[in-house]
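A.B. asks: Need a 3D model of the following:
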Amino acid sequence: MRNMMIALSAVVLTGAATCTEAREIRAADRYMCSWGAGTAAKAQELKLSGVSLYAARQKIQTYKFSKGWMRMMALGITEQTYDSASKAKPAVVRETFYDGCIHYRLAQK
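C.D. replies: The predicted structure is shown next:
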C-alpha cells in the first residue's frame, strides 16, 4: 500500500511539475489547496489517534472559519479521510492532498 502511495505521489508530482510549467495557478487556489491539505492531515491525525468520526465532526463544529465554504469542506474532507482505509502518516496525507488538488486546479484551466 505504501509503495502504491509513493508511486502515485511520484506520478502526481511529475504531472504537476509539467502542468506548472505551462500554466500558473492563482494564489487563491494555492490557499485553498494548502488549507484543504492541512484539514486532511488533521483528520488523519485524529483518525490514527482513535478519535471517532462523530467526535471529529463535533470538533470541527466548534472551529471559527474565515470563509463560508470552509466548514462544509472541512466536514467533507474529514468524512472522506475517515472512510479511507489508509494508515499513512498525516504528513503524507497532507502532501498527497496538496499535490492532487494543485493538479486538479491546473487541469481545470
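A.B. asks: Return the distance of A91 relative to A107.
C.D. replies: 25 Å (C-beta to C-beta, to the nearest Å). For the C-beta atoms, the positions are set from N, CA and C on the backbone; glycine is no exception.
A.B. asks: again, but for D83
C.D. replies: Counting by C-beta to C-beta, the gap from D83 to A107 is 24 Å.
A.B. asks: Next: K87.
C.D. replies: Applying C-beta to C-beta to K87 and A107 gives a distance of 29 Å.
A.B. asks: Next: D99.
C.D. replies: Distance, D99 to A107, by C-beta to C-beta: 12 Å.
A.B. asks: Of the two, which one has the most company?
C.D. replies: The neighbour count for D99 versus A107, taken as other C-beta atoms under 10 Å, is higher for D99 (21 against 11).
A.B. asks: does that one sit in a helix, a strand or a coil?
C.D. replies: Under DSSP: H, G, I helix; E, B strand; the rest coil, D99 falls in the helix class.
A.B. asks: For it, give its distance to K59.
C.D. replies: 26 Å.
A.B. asks: and what of R105?
C.D. replies: 28 Å.
A.B. asks: again with K42
C.D. replies: For K42, the distance to K59 - C-beta to C-beta - is 9 Å.
A.B. asks: How about I25?
C.D. replies: Taking C-beta to C-beta, one finds I25 at 30 Å from K59.
A.B. asks: repeat for V93
C.D. replies: V93 is 17 Å from K59, where distance means C-beta to C-beta.
A.B. asks: Tell me which of these two has more neighbours.
C.D. replies: More crowded of V93 and K59, by other C-beta under 10 Å: V93, with 23 against 15.
A.B. asks: what comes up buried for stretch 99-107?
C.D. replies: By 16 or more other C-beta atoms under 10 Å, the buried positions in stretch 99-107 come out as 99-103, 105-106.
A.B. asks: do stretch 67-76 as well
C.D. replies: In stretch 67-76, the ones that count as buried by 16+ other C-beta under 10 Å are 70, 73-75.
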